[in-house]
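*Asks:* Sequence first, then the predicted structure:
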Amino acid sequence: CIKLETNPRATFHYTPSVSKALISRLFNDYGVHSNFLLDIVGRSNYWSAVSQQCNSDLTLWVEFHCQQPRWHQRSWYDKDELAIHRNKPPCSVYMTHSTATNTTVYLVVAPDDGIWFSFIDLVERSTPQGDNRLVTGHELATSPFLIHSMISNIGFEQATLKVNDYSQSLKLARGQNQRSHDFDSREKLFSITRQLHYVSQLLDTGVGRTRSAIKLSSKLLEAHKQFCHQTGRGLLDTSVSQTEAAIRYIHDAYVYQESWLEQFKARKETAMNFVFNMVTQGDSTINLSTSYRMSRDSSSIHTLTVLAMVFLPGTFT
């Protein structure tokens with residue numbers, strides 16, 4: 001695990017918490033893909049995940065690296081924050097596995113929030129004792145995609161919290177709408193409109209990140225299926241089959257999450273239309289009132305003119 005620490009003087013404003021010598025050793029000794037080097041120094045990549053598998057001399061070599069969507073950024077739209085604090089790099093995960101040595105190497109690079117490294121607490125670091133729920137070393141050795149699924153689950157938990165925030169923001173905005181009346185001031189309607197625009201930004205961002213997560217989980221699931229086909233693993237009640245079930249669950253959950261976000265967007269549009277109609281009706285009321293006063297004034301002038309023509313006929317000849 002490599003933490004990214006804030007450094008305004010660095011190219012991507014972040015510095016990895018490891019030495020250059022260790023990074024060089026990782027790339028040379030374990031054959032880490034050169035494209036992952038920039039991810040280690042905090043680059044926001046967001047290209048498609050890289051998945052490669054190669055068979056040579058009855059040895060299978062597997063590589064998969066990606067970047068998780070940035071659900072951890074709670075201050076994305078906080079303009080008072082500095083750009084380097086708002087625009088945090090995503091969590092980058094690199095994995096390579098060799099069936100010849102039955103060895104899996106993981107590199108997990110993330111900002112210094114610490115949440116992305118919480119999967120370590122779920123790994124058994126000694127001989128298992130009793131009936132515990134921790135992941136054993138044997139499971140990690142036989143199922144190289146297991147940590148990928150664990151980190152993806154961390155991302156999904158963050159996504160769930162974020163979607164709940166979106167829902168709460170939308171409920172607050174809708175509650176203000178329901179308490180609004182025709183006589184409410186334009187300032188209040190303007191405030192509600194601004195809040196709805198903010199919710200719209202959040203929902204658009206959430207939909208984009210969810211779609212990225214769906215594509216990532218789809219590619220991860222495809223790579224895992226290919227690994228099972230090449231190695232003959234994936235029998236029922238094994239760590240490999242459980243890993244595939246976990247990845248599939250995350251993929252399906254993101255699909256449902258996208259559906260919910262689309263429904264939230266529809267509700268937001270309904271609220272926006274409600275505010276627009278209130279403003280329009282308010283303008284219509286003002287126009288009708290003005291027209292009524294003008295017509296009343298013009299009627300009075302017409303009456304005075306008629307009376308003047310009757311009682312002062314010489315004035316108009």
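*Replies:* Structure received.

*Asks:* The helix or strand hosting residue 229 packs against which elements?
*Replies:* Residue 229 is part of helix 186-231 when elements are defined by DSSP states H and E. The elements that helix 186-231 packs onto, with contact taken as 3 or more C-beta pairs under 8 Å, 6 or more residues apart in numbering; DSSP states H and E, are strand 50-56, strand 59-67, helix 146-178, helix 239-311. C-beta coordinates here come from the backbone N, C-alpha and C atoms, glycine included.

*Asks:* among the helices and strands of this structure, which has the poorest mean pLDDT?
*Replies:* helix 83-86 (a mean of 53; mean pLDDT, DSSP states H and E).

*Asks:* Could you list the low-confidence segments of the stretch 51-200 of the chain?
*Replies:* Counting by pLDDT under 70, the stretch 51-200 of the chain contains low-confidence ranges at 72-87, 113, 125-133, 169-187.

*Asks:* need the contact list for the nearest residue to residue 155 once chain neighbours are set aside.
*Replies:* Closest residue to residue 155 apart from its sequence neighbours, by C-beta to C-beta, 6 or more residues apart in numbering: residue 68 at 4.5 Å. Contacts for residue 68 were tallied using C-beta atoms under 8 Å, 6 or more residues apart in numbering; they are 90-93, 116, 151-152, 155, 213, 216.

*Asks:* Phi, psi for residue 68 please.
*Replies:* Recorded main-chain torsions at residue 68 are phi -80, psi 150, according to degrees, to the nearest 10.

*Asks:* Now do it against residue 100, distance only.
*Replies:* Plainly put, residue 68 is 29 Å away from residue 100 if you go by C-beta to C-beta, to the nearest Å.

*Asks:* and what of residue 237?
*Replies:* Counting by C-beta to C-beta, the gap from residue 237 to residue 100 is 26 Å.

*Asks:* Between these two, tell me which one has more neighbours.
*Replies:* In this view residue 237 and residue 100 are compared by other C-beta atoms under 10 Å, and residue 100 has more residues nearby, 11 against 6.

*Asks:* Please give the element, helix or strand, for the more buried one.
*Replies:* Under the assignment given by DSSP H and E, residue 100 is not contained in any helix or strand.

*Asks:* Surely it is in contact with residue 62?
*Replies:* No: taking C-beta atoms under 8 Å as the definition, residue 100 is not a contact partner of residue 62, at 11.5 Å.

*Asks:* May I have the residues that are in contact with residue 248?
*Replies:* For residue 248, counting by C-beta under 8 Å, 6+ apart, the contacting residues are residue 221.

*Asks:* Then residue 4?
*Replies:* With C-beta under 8 Å, 6+ apart as the criterion, the residues that contact residue 4 are 14-17, 42, 89, 109-112.

*Asks:* Can you tell me the element it falls in?
*Replies:* Residue 4 belongs to strand 2-6 when elements are defined using DSSP H and E.

*Asks:* Can you list the strands that that strand pairs with?
*Replies:* Strand 2-6 pairs in its sheet with strand 14-16 (antiparallel), strand 103-111 (parallel), by DSSP bridges.

*Asks:* quick check: mean pLDDT across the first one?
*Replies:* For strand 14-16, the mean pLDDT works out to 87.
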